[in-house]
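Enquirer: The following block contains a protein sequence and its predicted model.
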Amino acid sequence: MIDLRGITQIYPGPQGPVEALRGIDLHITPGEVFGIIGRSGAGKSSLVRVINLLNRPTRGEVFVAGRDLTLLNDADLRAARRDIGMVFQHFNLLSSRTVFDNAALPLELAGMDKAAIRGRVNPLLELVGLSALADRYPAQISGGQKQRVGIARALASRPKVLLSDEATSALDPETTRSILALLRQVNKELGLTVVLITHQMQVIKQVADRVAVIDAGRIVEQGPVIDVFTRPQQPITKSLIDEIVPQELPASVLDHVRHLSGQLQGGVGQLLRLSYSGERAYQPILSRLIREHGLDLSILHGQIDEIQDQTFGSLAVYASGDGARLQNAIAQLRGEGVVVEEVTTEG
Ligand SMILES: Nc1ncnc2c1ncn2[C@@H]1O[C@H](COP(=O)(O)OP(=O)(O)OP(=O)(O)O)[C@@H](O)[C@H]1O
């Protein structure tokens with residue numbers, strides 16, 4: 001649905017050119033919710049604005065629904081943009097227009113007649129749960145309701161793609177959840193491709209199918225959300241995930257491991273961090289370590305969570321026993337797709 005090829009974005013700046021995007025290649029498939037996450041200044045807004053050519057990239061090609069937008073003339077680009085709806089962090093509603101009239105704005109601008117507009121907008125207000133508030137003004141509704149108007153307005157032109165630029169960043173956690181659930185609902189019910197930009201992993205975790213991590217204008221890591229959560233590769237990804245799955249074990253756990261190591265009576269002991277997802281979450285991996293490899297296990301720390309109905313877990317266990325059997329057990333776990341990290345406790 002969206003293909004970005006070799007996108008570079010250079011802004012002129014008082015201290016010389018700023019290279020905000022440095023050769024981005026991204027492929028987003030129809031019907032998926034694709035998250036783009038990065039820290040402030042990483043290039044997220046620049047990237048999302050390239051997708052509808054609000055920013056014309058310095059170099060590169062922007063294919064949406066099979067057409068390279070960079071090659072279109074102004075009239076064709078205006079038409080192509082109707083395929084791409086956008087919701088913004090600060091809603092961008094017109095204060096002098098009612099909820100209905102804000103949602104209807106793109107249709108009025110496209111010259112649609114009043115009856116047709118009513119036929120299009122009323123079901124959309126129903127979909128976003130605002131039918132009862134159609135005659136209110138933006139000042140008379142909450143932030144979450146304003147974003148619902150923003151979503152209805154973005155959907156009015158029946159786009160194929162919905163871009164969300166930090167749409168929930170100005171909202172409290174509960175409202176954030178309800179807006180993300182609405183985005184998921186429109187993705188499913190309308191078959192819409194959704195691209196969402198955020199700096200919060202919680203947003204990615206709740207709603208995205210796949211995620212790309214952007215850092216200093218480059219995509220440094222991407223994949224299905226559950227894979228990125230269970231096998232983050234880059235330091236920036238680990239630090240972004242840390243708010244949900246702490247990447248470092250608490251000092252008390254490491255202290256306890258030193259204590260257990262001091263009590264070893266022969267054999268070896270090793271702190272292991274096991275990360276797993278999907279079907280493996282339901283398999284008796286720990287009891288097999290005990291039964292088949294004769295290891296003693298202490299479970300010291302752990303977390304089990306869910307992404308898009310898929311369970312994933314992270315467990316810290318101290319395994320002790322025969323050294324060769326421990327290595328066999330680790331090899332077996334890795335062979336079964338469990339990520340095994342041998343954690344050192346020095347320092
Ligand atoms: N119009 C502009 N002119 C010059 N530099 C710009 C412009 N817009 C963005 N930049 C710079 O480009 C880089 C990327 O900015 P961008 O807004 O895309 O990042 P971001 O990840 O969206 O950040 P934030 O989350 O803070 O909005 C930053 O260094 C920023 O200062």
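Expert: Looks like it arrived, so ask away. Numbering: from 1, shown residues only.
Enquirer: list the buried ones in stretch 218-233?
Expert: Residues of stretch 218-233 classed as buried by neighbour count (16 or more other CB atoms under 10 Å): 219-230, 232. Every residue, glycine included, has its C-beta placed from N, CA and C.
Enquirer: Just give the nearest non-adjacent residue to G302, would you?
Expert: L315 (4.0 Å; CB to CB, 6 or more residues apart in numbering).
Enquirer: would the one you found count as being in a helix?
Expert: No. According to DSSP: H, G, I helix; E, B strand; the rest coil, L315 belongs to no helix; its state is strand.
Enquirer: bridging residues for it?
Expert: Beta bridges link L315 to L274, G302, judged by DSSP bridges.
Enquirer: doesn't L289 make contact with it?
Expert: No. Using CB atoms under 8 Å, L315 is not in contact with L289, being 11.1 Å away.
Enquirer: Setting the sequence-adjacent residues aside, check what's closest to A139.
Expert: Spatially, and ignoring its direct neighbours in sequence, A139 is nearest to S95 (6.3 Å; CB to CB, 6+ apart).
Enquirer: Revised request: answer the last question for A208.
Expert: Leaving aside its chain neighbours, A208 sits nearest to G35 (3.4 Å; criterion: CB to CB, 6+ apart).
Enquirer: quick one: contacts for the one you found?
Expert: Contact partners of G35, counting by CB atoms under 8 Å, 6 or more residues apart in numbering, are V195, L196, I197, T198, V203, I204, V207, A208, R210, V211, A212, V225.
Enquirer: dump the residue contacts of the last one.
Expert: Under the criterion of CB under 8 Å, 6+ apart, the contact partners of V225 comprise G35, I204, K205, A208, D209, R210, V211, I307, Q308.
Enquirer: just checking, which of these belong to helices?
Expert: Of those, the ones assigned to helices by DSSP state H are I204, K205.
Enquirer: Just the buried ones among the contacts of V225, please.
Expert: Buried residues within those, defined by neighbour count using 16+ other CB under 10 Å: G35, I204, K205, A208, D209, R210, V211, I307.
Enquirer: okay, which residue is most central for the chain?
Expert: The residue lying closest to the centre of the chain (CA atoms, centre = their mean) is I204, at 2.6 Å.
Enquirer: Just the pLDDT for the spatially closest residue to it that is not a sequence neighbour.
Expert: Nearest residue to I204 in three dimensions, chain neighbours excluded: G35, at 4.2 Å (CB to CB, 6+ apart). G35 is assigned 97 on the pLDDT scale.
Enquirer: Can you name the residues bridging to G35?
Expert: Beta-bridge partners of G35, counted by DSSP bridges, are L196, V211.
Enquirer: which residues touch the residue nearest to A139?
Expert: The contact partners of S95, by CB under 8 Å, 6+ apart, come to Y137, P138, A139.
Enquirer: So what's the residue count around the second one?
Expert: It stands for P138. P138 has 17 neighbouring residues, counting by other CB atoms under 10 Å.
Enquirer: cool, and the first one?
Expert: By other CB under 10 Å, the residues close to Y137 number 16.
Enquirer: again, but for the last one
Expert: By other CB under 10 Å, 8 other residues sit near A139.
Enquirer: I'd like to know how far it sits from the ligand.
Expert: A139 sits 26 Å away from the ligand, going by CB to the nearest ligand atom, to the nearest Å.
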